[in-house]
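Peer 1: one predicted model, sequence on top.
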Amino acid sequence: AQSVTQPDIHITVSEGASLELRCNYSYGATPYLFWYVQSPGQGLQLLLKYFSGDTLVQGIKGFEAEFKRSQSSFNLRKPSVHWSDAAEYFCAVGAEAAGNKLTFGGGTRVLVKP
Amino acid sequence: ETGVTQSPTHLIKTRGQQVTLRCSSQSGHNTVSWYQQALGQGPQFIFQYYREEENGRGNFPPRFSGLQFPNYSSELNVNALELDDSALYLCASSETVNNEQFFGPGTRLTVL
């Protein structure tokens, strides 16, 4: 069975500082990996995805993530955070063999200090 | 291009009642997945529909059921509502089974 762990429940970062959100997954084969962002009361917006190929993927809003198979990780990064990045971030894993049904982590809430 | 839409936005039910939530998939998408997101948690997969057939189910009891229509819109039905069914219900559509999923804004269900 696939699973996702996001070790940090809350992260507070100053505006302009860098941000890294951790994600560890468990899956036997090559997974599909995703990062989604959710603003309060909203649905999920896809930031980026990894299916195969280059292990460093670029997404929207200046985010990037790196797939590290040896560490079963897919950490999300942004070099300089804006106040509008305050939201909840979810890492998810899917698998072609499972029809890409997504398993989500518990989420990391990001607070941005002025 | 219209994205994924869900109705209603919010609703309040009492224990034991039944509820139907609706989802219109994005144009050209034949796959719809439903997720339940309890407060403070990540979404959990309920089931997926592909071309009007159920294509996989998560760990939810049979009182959670669904339908997909010929236009690929979908319904989620929950019978005998329990307090723990209070959650945000998210619908996602994709071009086909293994493609990227696009999420709707969700329906907030409160069970009293």
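Peer 2: Sure, I can see it.
Peer 1: please count neighbours and contacts with C-alpha atoms only from this point.
Peer 2: Will do.
Peer 1: ok, now which ones touch residue A:90?
Peer 2: Taking Cα atoms under 8 Å, 6 or more residues apart in numbering or on different chains, we find residue A:90 in contact with A:35, A:36, A:37, A:38, A:104, A:105, A:106, A:107, A:108, B:42.
Peer 1: for the residue nearest the centre of chain B, give me its contacts.
Peer 2: Centroid-nearest residue in chain B: residue B:34, 3.5 Å away (criterion: Cα atoms, centre = their mean). Each residue near residue B:34 by Cα under 8 Å, 6+ apart is listed here: B:45, B:46, B:47, B:48, B:76, B:89, B:90, B:91, B:92.
Peer 1: again, only this time at 6 Å
Peer 2: B:46, B:47, B:90, B:91 (Cα atoms under 6 Å, 6 or more residues apart in numbering or on different chains).
Peer 1: count the residues that sit near the one residue in chain B that gets nearest to chain A.
Peer 2: Across chain B, the shortest distance to chain A (Cα to the nearest Cα) belongs to residue B:105, at 4.0 Å. The burial metric for residue B:105, expressed as a neighbour count using other Cα atoms under 10 Å in any protein chain shown, is 22.
Peer 1: wait, doesn't it sit right on residue A:44?
Peer 2: No: with contact defined as Cα atoms under 6 Å, residue B:105 does not reach residue A:44; the gap is 7.3 Å.
Peer 1: not counting sequence-adjacent ones, nearest residue to residue B:10?
Peer 2: Nearest-residue entry for residue B:10: residue B:108, 4.6 Å, with adjacent residues in sequence omitted and distances by Cα to Cα, 6 or more residues apart in numbering or on different chains.
Peer 1: just the element for the one you found, please.
Peer 2: strand B:107-111 (DSSP states H and E).
Peer 1: also residue B:33?
Peer 2: strand B:31-37.
Peer 1: find the nearest non-adjacent residue to the most centrally placed residue in chain A, please.
Peer 2: The residue lying closest to the centre of chain A (Cα atoms, centre = their mean) is residue A:35, at 3.4 Å. Spatial nearest neighbour of residue A:35, chain neighbours left out: residue A:91 (4.6 Å); criterion: Cα to Cα, 6+ apart.
Peer 1: cool, thanks, signing off.
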